[in-house]
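Engineer: Got a sequence here, can you model it:
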Amino acid sequence: MFNEKDNKVICPCCEQERRIKHDTRLTQLEGALLSKGLPWWGEPGWMIKAAEGKTLQWPCKNCLDEKRAIPANPEAQTFVDFAPYFAYFDVSLQCSDCGKEFIFSSKEQLFWYEHLKFWVQSRPKQCVECRRIRREQKRQQAEK
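Structural biologist: Okay, here's the model as predicted:
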């Protein structure tokens, strides 16, 4: 999030680490996208605004260097009304079935969004174990 008072942005991956606005990769990423003429990205400065509103998944340089985040390819993702991801990092979610917290890993996100082409606003609702149980139940019902 951009803070005009101290001219810093909070990285959504590490959260505690503050980066000076122009020291982030945001302006570089935005420039690369705008140079390709992709219409969705619109006016210059949209990435900083999205980061301010905490609606953008992007990495600071340290998160990439320390392998806490892996770079994403927005052009390989499916999105319309949500911003694409510019990095993947582990996200903690709560299972809607068992209630336990589980990690939606950076590698799993890359697979979901760039290979399976799930919409970027989709997230798993169940942990891996509960998903396995549901698949098994569906398989057993289909065999009857």
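Engineer: For the closest residue to Gly45 other than its chain neighbours, which residues are in contact?
Structural biologist: Leaving aside its chain neighbours, Gly45 sits nearest to Glu30 (7.7 Å; criterion: CB to CB, 6 or more residues apart in numbering). In this view, the C-beta of every residue, glycine as well, is placed from N, C-alpha and C. Residues in contact with Glu30 (CB atoms under 8 Å, 6 or more residues apart in numbering) are Trp41, Pro44, Gly45, Trp46, Met47, Ile48.
Engineer: Tell me the one among the residues you listed nearest to Lys107.
Structural biologist: Nearest to Lys107 among those: Met47, at 24.3 Å, using CB to CB.
Engineer: Can you give me the distance of the closest one to Leu33?
Structural biologist: For Met47, the distance to Leu33 (CB to CB, to the nearest Å) stands at 8 Å.
Engineer: Which of the two has more residues huddled nearby?
Structural biologist: Met47 (23 against 18; other CB atoms under 10 Å).
Engineer: what residues are up against the more buried one?
Structural biologist: With contact taken as CB under 8 Å, 6+ apart, Met47 is in contact with Leu26, Thr27, Leu29, Glu30, Leu56, Trp58.
Engineer: Please report the distance of it from Ala83.
Structural biologist: Distance from Met47 to Ala83, counting by CB to CB: 8 Å.
Engineer: Spell out which residues are contacts of both of those two.
Structural biologist: Leu56.
Engineer: neighbours of Trp58, just the number please.
Structural biologist: Trp58 has 24 neighbouring residues, counting by other CB under 10 Å.
Engineer: cool, and Cys127?
Structural biologist: Other residues lying near Cys127 total 21 when counted by other CB under 10 Å.
Engineer: these two touch, right, it and Cys98?
Structural biologist: Yes. If you go by CB atoms under 8 Å, Cys127 and Cys98 touch, sitting 6.5 Å apart.
Engineer: Leu93: helix or strand, and which one exactly?
Structural biologist: In this structure, Leu93 sits in strand 91-94 according to DSSP states H and E.
Engineer: which strands and helices sit next to that strand?
Structural biologist: Packing partners of strand 91-94 (3 or more CB pairs under 8 Å, 6 or more residues apart in numbering; DSSP states H and E): strand 101-104.
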